[in-house]
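S.K.: Below is the sequence, then the predicted model.
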Amino acid sequence: MPNSTMAAIVHYALEAGAVELREVPRPAELVDDEVLLATRAVGVCGSEIHQFHNTQSWPVRVPVILGHEFCGVVVRAGRAVRGFREGDRVVSETAARICGECYYCRTGEYNLCPKRLGFGYGLDGAMADCVRVPARCLHRLPDSVSFEKAALAEPCSVAYNATCVKTHLRAGDSVLVLGPGPIGLLCLALARLAGAGWVGAVGLKQDAKRLAVARTLGAEATIEVDTEEPLEIIKSVADGLGVDVVIDATGASRALRLAMAAVRPGGQITKVGWGPQPLDFSLDPLVQKAARLQGSFSHNYPIWEKVIALLASGRLDPAPLVGRVEPLTNWRVCFEEMASGEIVKGVLKP
């Protein structure tokens, strides 16, 4: 590539609004096990909205190029790379750096590696013309999966881990999803694919458009907590003792209180949404109901392979979530409309 610079969306300081489009040096040198990827599409994540507003609850190394939900075409491969070559269509995982030696790395759960760093906060991400990626992060992208859909493979993988791996979900179970953001909506879609008998979604009044998407994905009930009483609706499901599974995909710690009230005795709550606020209520209902509280974080190789197969078959279609596809120069409108709830998901195309 002849140009020595490229356009990139850079988070440059730990203060509100400190994100801008910049010209930055184009990656030149590759480590032996890396590829240089020409970015074709990159999804905007809620975590990047938090970084834009400086409300994140994780350490960020600034300046850093944003973007961890991405796909593209291999431009160049390092000397030690096997299985990928120039021109390959690929999609990338997010664990940009892992130690490779700890218990979790050695057993395939490298998403839990204590030294894990992700694209877009720990290392430069893909909201740019190109990005350096370790070859171990790559998966081949079938021709039947467009780059726009592939940009949502990462949140699909987060949702798959929460819904189909960490949750004990059986055919016929009732499932309530708290938070109709991208992850919550994808959890809802996957719960339906996994055989849930009843699926409901809970959001705020500002989530009206997102709740409408939930209905297109098969939600039997959508509940606005500002105007409706969630527990009254939940009591109308089956025997009225609560739902089998609650998936908390909100960014608010207080949602756990509703989850404990909604889950049936012996049921399960899976928490995939980050909520940094301290709890100001008792966990006794969890004990009294003998309910299980399960955390879920990120994903690993076999999850990605399952998700890519579902995307290729068309059984999992994230397209209804995408409200905007914009060039990199229009990044701000995607960030702002996601923050306001106007759209569920924006996709940028460098």
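M.R.: Yes, it's here.

S.K.: so who does the nearest residue to L286 once chain neighbours are set aside touch?
M.R.: Closest residue to L286 apart from its sequence neighbours, by CB to CB, 6 or more residues apart in numbering: M260 at 5.4 Å. Any C-beta I mention is one placed from the backbone N, CA and C, and that applies to glycine too. Listed by CB atoms under 8 Å, 6 or more residues apart in numbering, the contact set of M260 reads 269, 283, 285-286, 289, 291.

S.K.: Show me which of these are buried.
M.R.: Applying 16 or more other CB atoms under 10 Å to those, the neighbour count classes 269, 286, 289, 291 as buried.

S.K.: same for the helix or strand containing the first one, what does it pack against?
M.R.: Right, I269. According to DSSP states H and E, I269 maps onto strand 263-271. On a contact count with 3 or more CB pairs under 8 Å, 6 or more residues apart in numbering; DSSP states H and E, strand 263-271 meets strand 243-248, helix 255-262, strand 292-295.

S.K.: any idea how this structure splits into domains?
M.R.: Domain assignment for the chain by automatic domain parsing gives 5-152+318-349, 157-295.

S.K.: What distance do you get for L286 to I269?
M.R.: Remark: distance between L286 and I269 (CB to CB, to the nearest Å) = 8 Å.

S.K.: Name the residues contacting each of these two.
M.R.: Residues touching both L286 and I269 by CB under 8 Å, 6+ apart: 260, 293.

S.K.: Over to the residue nearest in space to the middle of the chain: give its phi and psi.
M.R.: The residue lying closest to the centre of the chain (CA atoms, centre = their mean) is P155, at 2.9 Å. Main-chain dihedrals, P155, degrees, to the nearest 10: phi -60, psi -30.

S.K.: Please name the residues that touch it.
M.R.: Applying CB under 8 Å, 6+ apart to P155 gives the contacts 43, 45, 69, 182-183, 186, 318, 345.

S.K.: Setting aside sequence neighbours, what's the nearest residue to it?
M.R.: P182 (5.0 Å).

S.K.: Got the phi and psi for that neighbour?
M.R.: Per-residue torsions, P182: phi -60, psi -50 (degrees, to the nearest 10).

S.K.: surely it meets G46?
M.R.: Yes: between P182 and G46 there is a contact under CB atoms under 8 Å: 6.9 Å.

S.K.: The two: which has the busier surroundings?
M.R.: Per other CB atoms under 10 Å, whichever of P182 and G46 has more neighbours is P182, with 28 against 20.

S.K.: how far away is that one from V213?
M.R.: Noted for P182: a distance of 10 Å to V213, by CB to CB.

S.K.: Can you list the low-confidence ranges for this protein?
M.R.: For the chain, the stretches flagged by pLDDT under 70 are 1-2.

S.K.: switch the cut-off to 90
M.R.: For the chain, applying pLDDT under 90 flags the ranges 1-3, 28-29, 57, 226-230, 232-233, 235, 238, 251, 274-276.

S.K.: related to what we said a few turns ago, take the buried ones among the contacts of M260 and lay them out in JSON lines including distance to G242.
M.R.: Listed next are the buried ones among the contacts of M260 as JSON lines, based on distance: CB to CB, whole Å:
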{"residue": "I269", "distance to G242": "11"}
{"residue": "L286", "distance to G242": "12"}
{"residue": "K289", "distance to G242": "8"}
{"residue": "A291", "distance to G242": "9"}
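
S.K.: ok, so of the residues you listed, who is nearest D129?
M.R.: Nearest to D129 among the buried ones among the contacts of M260 is I269, at 42.0 Å by CB to CB.

S.K.: quick one on the thing from earlier: which residues does the residue nearest to P155 contact?
M.R.: By CB under 8 Å, 6+ apart, P182 lies in contact with 45-46, 152, 155, 321, 344-345.

S.K.: Okay, strands next: where are they in the stretch 151-300 of the chain?
M.R.: Per DSSP state E, counting those that start in this stretch, the stretch 151-300 of the chain carries strands over the ranges 174-178, 198-203, 221-224, 243-248, 263-271, 292-295.

S.K.: hmm, back to that, any idea how far the residue nearest to the centre of the chain lies from W274?
M.R.: Going from P155 to W274 by CB to CB gives 14 Å.

S.K.: same deal with C130?
M.R.: Applying CB to CB, one obtains 29 Å for the distance of C130 from W274.

S.K.: Please say which of the two ends up with more neighbours.
M.R.: More crowded of C130 and W274, by other CB under 10 Å: C130, with 20 against 17.

S.K.: Give me the phi and psi angles of that one.
M.R.: According to degrees, to the nearest 10, C130 has phi -150, psi 170.

S.K.: If we ignore the residues flanking it in sequence, what's nearest it?
M.R.: Nearest to C130 is A38, by CB to CB, 6+ apart, at 5.1 Å.

S.K.: what's the burial count for A96?
M.R.: Neighbourhood size, A96 [other CB under 10 Å]: 22.

S.K.: which ones are touching it?
M.R.: By CB under 8 Å, 6+ apart, A96 lies in contact with 117-119, 122-123, 133-134, 137.

S.K.: Quick check on those residues: which are buried?
M.R.: Among those, those classed as buried by neighbour count (16+ other CB under 10 Å) are 118-119, 122-123, 133-134, 137.

S.K.: Format those as TSV; extra columns: distance to V91 and secondary structure.
M.R.: Formatted as TSV, the buried ones among the contacts of A96 follow (distance: CB to CB, whole Å; DSSP: H, G, I helix; E, B strand; the rest coil):
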residue	distance to V91	secondary structure
G118	15	strand
F119	13	strand
G122	20	coil
L123	18	strand
V133	10	strand
P134	14	strand
C137	9	helix
